[in-house]
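Student: quick check, what structure comes out for this input:
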Amino acid sequence: PWSVAIGDPPPQQQQEQPPLWQEPWGDRRTELVVIGQDMDHADITAALEACVATDDEMEAYAAHFLDARPLDILADVVGGDAPALADRIRRFDVEIALPKQKGARFLTAAPVATEVLSAHACIAIFRHASDGGGGAARFEVERYLRYAHLFPELASGLVREFQLPLAAADAQTSILSEHTLGENLSAVVEGLAEGERVELEWLQMRVEIETDVDEDRFTIVEQVQKLAALDGGEEEELLRQYPEPQIMIPKDQKYGGCTSDEQIEERKEKRAERRAAKGKWKK
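Tutor: Numbering: from 1, shown residues only. Predicted coordinates:
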């Protein structure tokens, strides 16, 4: 990242100066490289120079954006409807930004709602389980069979390695039993040998838990659906079934995972019903 964007001091206060530094923007810059054949350099240069901002345009840009926060900028754009905008920004923080920042966690109580972000199916190699099988198991992904990218803002994408903390995974599996087939994961891992090839499937999900603290309401979990040792014949059959990895990215996927106002009202009603059933409802 740019040094100025992460709070590094200006070059005169550093032993090693960045190659370029211009106040008030620091070392922020964009470089454009044009590669091609039989290009008219003069025309390209003229077209690019026509895009350069004037001093007056840069002064106006700096006055508006240099010290502005996103809410300040967007409020001007939407005509000053700051309360509604602030609510949408907070919703984005609670439902997307904070879960992504916290990373994958494990459930300790049943969620009130789940949403699949990505789905993974692969052939993997078992590498080890620390602490005598009760710690973390590591799987090296050798070949994807299927992958579904369902929630652009939070989906992990294809990965090279999958870590499985066994005790936490067993506890979560008992909570999310409808998402898993077979016995406890630790029992399966206990029967694996170092370097053994396995069929591994898991879901990456965003879950909503019951809490009065909005910042804790959503979190991301990973739930193994299938973990099974493979013999040569079973692996060959999988490769025949999936000669190429099947990658699914819905074309009509809406880019913007925040809940709608209607969904918010529906959740409030369901939350009120749950609290009333537990004797927590207060008028």
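Student: helices of this protein, residue ranges please.
Tutor: In order along the chain, the chain carries the following helices (DSSP state H): 41-50, 55-65, 70-77, 82-92, 98-102, 166-175, 185-190, 232-241, 261-278.
Student: worst mean pLDDT among those helices?
Tutor: When these are compared on average pLDDT, helix 70-77 comes out lowest at a mean of 55.
Student: next one: the residue nearest to residue 117 when sequence neighbours are not counted from residue 126, what distance?
Tutor: Nearest in space to residue 117, with sequence neighbours left out and distances taken as Cβ to Cβ, 6 or more residues apart in numbering, is residue 151 at 4.1 Å. Heads up, the C-betas are built off the backbone N, CA and C, glycines and all. Between residue 151 and residue 126 the computed distance is 29 Å (Cβ to Cβ, to the nearest Å).
Student: quick one, what contacts residue 147?
Tutor: With contacts taken as Cβ atoms under 8 Å, 6 or more residues apart in numbering, residue 147 has the following neighbours: 118-121, 158, 245-248.
Student: which one of these has the most neighbours?
Tutor: Comparing the contacts of residue 147 on neighbour count, residue 120 comes out first with 24 neighbours (neighbours: other Cβ atoms under 10 Å).
Student: and the most centrally placed residue in the chain, how far is that from residue 201?
Tutor: Relative to the mean C-alpha position of the chain, the nearest C-alpha, by Cα atoms, centre = their mean, is the one of residue 154, at 2.9 Å. In this structure, residue 154 lies at 19 Å from residue 201, with Cβ to Cβ as the measure.
Student: residue 189 too?
Tutor: Taking Cβ to Cβ as the criterion, residue 189 is separated from residue 201 by 15 Å.
Student: between these two, which one's more packed in?
Tutor: It is residue 189, of residue 189 and residue 201, that has more neighbours when counted by other Cβ under 10 Å, with 22 against 19.
Student: from the contacts of residue 147, pick the one nearest residue 55.
Tutor: residue 158 (46.4 Å; Cβ to Cβ).
Student: go ahead and confirm the closest one touches residue 146.
Tutor: No - counting by Cβ atoms under 8 Å, residue 158 sits too far from residue 146 to count as a contact (10.9 Å).
Student: anything in contact with each of these two?
Tutor: Counting by Cβ under 8 Å, 6+ apart, the common neighbours of residue 158 and residue 146 are residue 120.
Student: touching stretch 44-53 from outside, list them.
Tutor: 32, 34, 61.
Student: could you export these as TSV, including neighbour count and distance to residue 224?
Tutor: Listed next are the contacts of stretch 44-53 as TSV, based on neighbours: other Cβ atoms under 10 Å; distance: Cβ to Cβ, whole Å:
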residue	neighbour count	distance to residue 224
32	6	45
34	9	48
61	11	50
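Student: could you redo the residues you listed as JSON lines and give each row distance to residue 88?
Tutor: Formatted as JSON lines, the entries for these read as follows, by distance: Cβ to Cβ, whole Å:
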{"residue": "32", "distance to residue 88": "34"}
{"residue": "34", "distance to residue 88": "39"}
{"residue": "61", "distance to residue 88": "25"}
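Student: for the longest strand anywhere in the chain, name the packing helices and strands.
Tutor: For the chain, the strand that runs over the most residues, judged by DSSP state E, is strand 113-129. In terms of contacts (3 or more Cβ pairs under 8 Å, 6 or more residues apart in numbering; DSSP states H and E), strand 113-129 is packed against strand 136-149, helix 185-190, strand 197-208.
Student: next, the angle from the last one to helix 232-241.
Tutor: Following axes from the mean of the first three to the mean of the last three Cα atoms, to 10 degrees, one obtains 60 degrees for the angle between strand 197-208 and helix 232-241.
Student: so strand 197-208 versus strand 136-149, what angle?
Tutor: Taking the same axes, to 10 degrees, one finds that strand 197-208 is oriented at 70 degrees with respect to strand 136-149.
Student: mind listing what strand 197-208 pairs with, with the direction of each?
Tutor: With DSSP bridges as the criterion, the sheet partners recorded for strand 197-208 are strand 113-129 (antiparallel), strand 218-229 (antiparallel).
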